[in-house]
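[1] Please find the sequence and the predicted model below.
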Amino acid sequence: MLFSFFVSFLYSINTLSATVALSSIQDIPLPQGYERIAVPANSFGDFLRSVSLKKDRTGYLYNGQKKYNQSAQYAVLNISTGNKDLQQCADAVMRLRAEYLKSKNQPICFADNNRTNYCWSQYQHRGWQGYLEIVFGMCGTLSLEKQLKKTGWEQLKIGDVVIKGGSPGHAVIIMDIARHKTTGKLIFLLAQSYMPAQDIHLLINPRETNLSPWYSTPGKYLETPEWSFHTTCLHTWP
């Protein structure tokens, strides 16, 4: 037991020190033998890979308080949370997608459960944060799951979403993918927000600490620090 505690302690220290010099998702080191997959310039995958990270891995809630579980995250994305309890799990996924589309001057629309669209072109007069708050208030895991389409792990892409719609439901997003140079095995990074609204953060891998924060292609379930997904929950953007 003492040895296990010592190993866990060293792992925690190494994880903390590893994140100190990281400035973006693409700086996160790879396990030996892996290389990042190529992605087209200006693609969603390219955008997610370039998302910057905060120097401090402490996660905070929308009200400035520290979030309860500080052991779930490997790093914290440098993206605002707002000061309302709105940017939760599916909202964080929509936020990242919206920021990408906005950066490319592409149409931005999200639909609620009744298929009513909330488009940036309609709400520009509210400002960016005002628009996001409308989307976060009207859309969630159930509506986002309907907007996405199912895909298989053999077609995994950066930006894909693992989502279980409902109440409760949850969603995490694929932030990066790497492939083993010899075996072709894929590994990936996951990010999430949670309840209450909190900093979007990169998740540790609680099951494969030798790979963490990278995840390998799951079997029947994808186990994350705060949610277990069936592997049929993988979706992609239409």
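    Alright, I've got the coordinates.
[2] Show me what the helix or strand encompassing Y123 is packed up against.
    If you go by DSSP states H and E, Y123 is part of helix 120-123. Here helix 120-123 touches helix 89-103, helix 127-138, going by 3 or more CB pairs under 8 Å, 6 or more residues apart in numbering; DSSP states H and E. For every residue, glycine as well, the C-beta is placed using N, CA and C.
[3] So for that helix, mean pLDDT?
    The average pLDDT within helix 120-123 is 97.
[4] ok now it, how far from the chain's centre?
    Relative to the centre of its chain, helix 120-123 is centred 25 Å away, using CA atoms, centre = their mean, to the nearest Å.
[5] now swap in stretch 167-176 and tell me
    On CA atoms, centre = their mean, the centre of stretch 167-176 falls 7 Å from that of its chain.
[6] D46: neighbouring residues, count only.
    16 (other CB atoms under 10 Å).
[7] hang on, it is in a helix, isn't it?
    Yes. When DSSP: H, G, I helix; E, B strand; the rest coil is applied, D46 is found to be in a helix.
[8] which residues in this structure form helices?
    Using DSSP state H, the helices of the chain run over 2-20, 44-49, 89-103, 120-123, 127-138, 141-147.
[9] Now the weakest link among those helices, please, by mean pLDDT.
    Lowest mean pLDDT within the helices of the chain: helix 2-20, at a mean of 40.
[10] what's the spacing between the closest residue in space to Q124 that isn't next to it in sequence and I79?
    Closest residue to Q124 apart from its sequence neighbours, by CB to CB, 6 or more residues apart in numbering: Y131 at 7.2 Å. According to CB to CB, to the nearest Å, Y131 stands 15 Å off from I79.
[11] now do Q88
    Remark: distance between Q88 and I79 (CB to CB) = 14 Å.
[12] Next: V39.
    20 Å.
[13] quick one: which of the helices and strands packed on helix 120-123 is nearest L203?
    Closest to L203 of the helices and strands packed on helix 120-123, according to CB to CB: helix 89-103, at 11.8 Å.
[14] buried sites along the closest one?
    Using 16 or more other CB atoms under 10 Å as the test for burial, helix 89-103 gives 89-101.
[15] How about the backbone phi and psi for the residue nearest to K102 when sequence neighbours are not counted?
    Excluding the flanking residues, the one nearest K102 by CB to CB, 6+ apart is I108, at 6.3 Å. The phi and psi values for I108, taken as degrees, to the nearest 10, are phi -120, psi 120.
[16] picking up where we left off before, between Q88 and I79, which one's more packed in?
    Q88 (22 against 18).
[17] could you measure the more buried one against P31, distance?
    31 Å.
[18] Quick one: the buried residues of helix 89-103 as CSV, columns for distance to R115 too.
    Converted to CSV, those look like this (distance: CB to CB, whole Å):
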residue, distance to R115
C89, 21
A90, 16
D91, 19
A92, 22
V93, 19
M94, 16
R95, 21
L96, 22
R97, 18
A98, 18
E99, 24
Y100, 23
L101, 19
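[19] Return the member of these nearest to K220.
    C89 (21.7 Å).
[20] Go ahead and confirm the closest one touches S193.
    Yes. Taking contacts as CB atoms under 8 Å, C89 lies within contact range of S193: 5.5 Å.
[21] check contacts around the residue nearest to K102.
    Residues in contact with I108 (CB atoms under 8 Å, 6 or more residues apart in numbering) are 98, 101-102, 119-121.
[22] roughly how far apart are it and Q129?
    Distance, I108 to Q129, by CB to CB: 14 Å.
[23] Now do the contacts for the spatially most central residue of the chain.
    Here the mean C-alpha position of the chain is nearest to the C-alpha of A191 (CA atoms, centre = their mean), at a distance of 2.3 Å. A191 makes contact with 77, 92, 96, 172-173, 175, 200-203 under the criterion CB under 8 Å, 6+ apart.
[24] Fine by me, we can end here.
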